[in-house]
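# Predicted model and sequence below, questions to follow.
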Amino acid sequence: MQNNKMIELNANENSLGMSDSAKKAVTESLSEGFRYPDNARAALISKVASIHGVAENQISLGNGSTENMRATIQMLQHKAFTEGREFQMVIPVPTFDCAEMYANSIGASVVKIPLTAENYDLDLQRLQKAADEFSGISLLYVCNPNNPTGTITSTNQLKTWIGNAPDNHYFLLDQAYLEYVNDPSFESGVEWVKQGLSDNLIVIHTFSKLCALAGMRVGYAISNPKAIEAVEAFMSMDNTNLSGAVAAIATLNDAEFLELSLRTTNQSRQMIETVLDELGLRYLPSQTNFIFHEIKGDLKTYIARMRDSGIKVGRDFPPVTGFNRVTLGTPDEMAVFIEVLKSFRKKGWV
């Protein structure tokens, strides 16, 4: 524990903190805080469009990408209702659970397909089967790389599935951890949108991870103009606040910070992989800013012992057992985590 402050390695935040450029942009924007954020939102949309090589009408800004997620679910449920059809969402488990929470809140049916038992991969065949057997509208939520496993889905298999899917199958592709991926086989869903692979593909992304702006609540969706227009009908007005918009623009323009952010995470990942190898604890190949790793012992006890040692780690992710998710904080934070983990081994706890 450092300065008696809890080390938070439980929420996949970026412990590096906001860039100085983002802080400066927020401070300088305060004099305009009485204005609506239209100009800043327009500037951010233009910047995101330029980065991804898409038109501005292919982007929907969100109060965090979770708002884009909610609006997509509501839009499709409404579409199904107006067409006199049923609506369901199909998800792998475990995965990021906000989509399931939103679907539950509006009474939508949620079909859960467990990850494969061998490698904790997405079971694409069973996911597809669940949609194929449903005559209404299906929304398939795919977090890629997946949270909490940190692994990526086969590009070829996923692209083939989306490209050949019938008109009543929609795909919400969550790429929150896009910038951390180093596997050369990976291809972003944004490229598939640009290629016109499917009119039913919506890709979402966030500024909460690499850009270290989780508290600013800025995210976005990218799709074809017609789909974005449909999603926008369910978004809040002026949903991206002034501070979040200017912070996001400043961070995107700060190549030095973005490089430091990625380098720091990669360094922390190497540190954790090294100690897990040393302790003989299995872990999944991470393409994110966290690692899903084995513990030997009761998970709830492990989490409590880590908290008693000044460290917050991830919760349980049923139906997977015997694994814990640890966020890759700064190298200094990971050094403390490693020291504690090694002390647990000496006590026979892991």
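Yep, it's here. Residues are numbered from 1 along each chain as shown.

# in stretch 14-32, what's buried?
Residues N14, S15, L16, M18, S19, S21, A22, A25, V26, S29 are the ones in stretch 14-32 that count as buried (16 or more other CB atoms under 10 Å). (Each C-beta comes from the backbone N, C-alpha and C, glycine too.)

# ok, residues contacting it?
Stretch 14-32 is contacted by residues 8, 40, 208-214, 216, 242-243, 246-251, 253-254, 257, 260-261, 264-265, 289, 327, 329-330, 333 when judged by CB atoms under 8 Å, 6 or more residues apart in numbering.

# Next, please give the residue ranges for the strands of the stretch 201-350 of the chain.
All strands of the stretch 201-350 of the chain, identified by DSSP state E, counting those that start in this stretch, fall at 201-206, 219-222, 290-294, 311-312, 323-327.

# Just send the buried residues of stretch 14-32 back as a markdown table, with secondary structure, pLDDT and distance to E339 too.
Below are these laid out as a markdown table (DSSP: H, G, I helix; E, B strand; the rest coil; pLDDT from 0 to 100; distance: CB to CB, whole Å):
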| residue | secondary structure | pLDDT | distance to E339 |
| --- | --- | --- | --- |
| N14 | coil | 98 | 22 |
| S15 | coil | 97 | 17 |
| L16 | coil | 97 | 21 |
| M18 | coil | 98 | 27 |
| S19 | coil | 98 | 29 |
| S21 | helix | 98 | 33 |
| A22 | helix | 98 | 32 |
| A25 | helix | 98 | 37 |
| V26 | helix | 98 | 35 |
| S29 | helix | 97 | 41 |
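
# which one of those residues sits closest to E294?
Using CB to CB, S15 comes nearest to E294 of the buried residues of stretch 14-32, at 23.3 Å.

# Going by neighbour count, which residues in stretch 83-98 are buried?
So, applying 16+ other CB under 10 Å, buried residues of stretch 83-98: F87, Q88, M89, V90, I91, P92, V93, P94, T95, F96, D97, C98.

# From the chain's centroid, how far away is it?
How far stretch 83-98 lies from its chain's middle: 17 Å, per CA atoms, centre = their mean, to the nearest Å.

# Start and end of that stretch, how far apart?
Start-to-end span of stretch 83-98 (CA to CA, to the nearest Å) is 26 Å.

# All further residue positions should be reported with the first residue as 21.
That works, and once the first residue is 21, the last one we named lands at stretch 103-118.

# separation between N309 and V346?
In this view, N309 and V346 are 10 Å apart by CB to CB, to the nearest Å.

# Please apply the same query to S174.
Noted for S174: a distance of 25 Å to V346, by CB to CB.

# can you check R289 too?
Distance of R289 to V346, computed by CB to CB: 10 Å.

# that older thread, which stretch among the strands of the stretch 221-370 of the chain approaches N77 most closely?
Shortest distance between N77 and the strands of the stretch 221-370 of the chain, using CB to CB, is found for strand 239-242: 10.8 Å.
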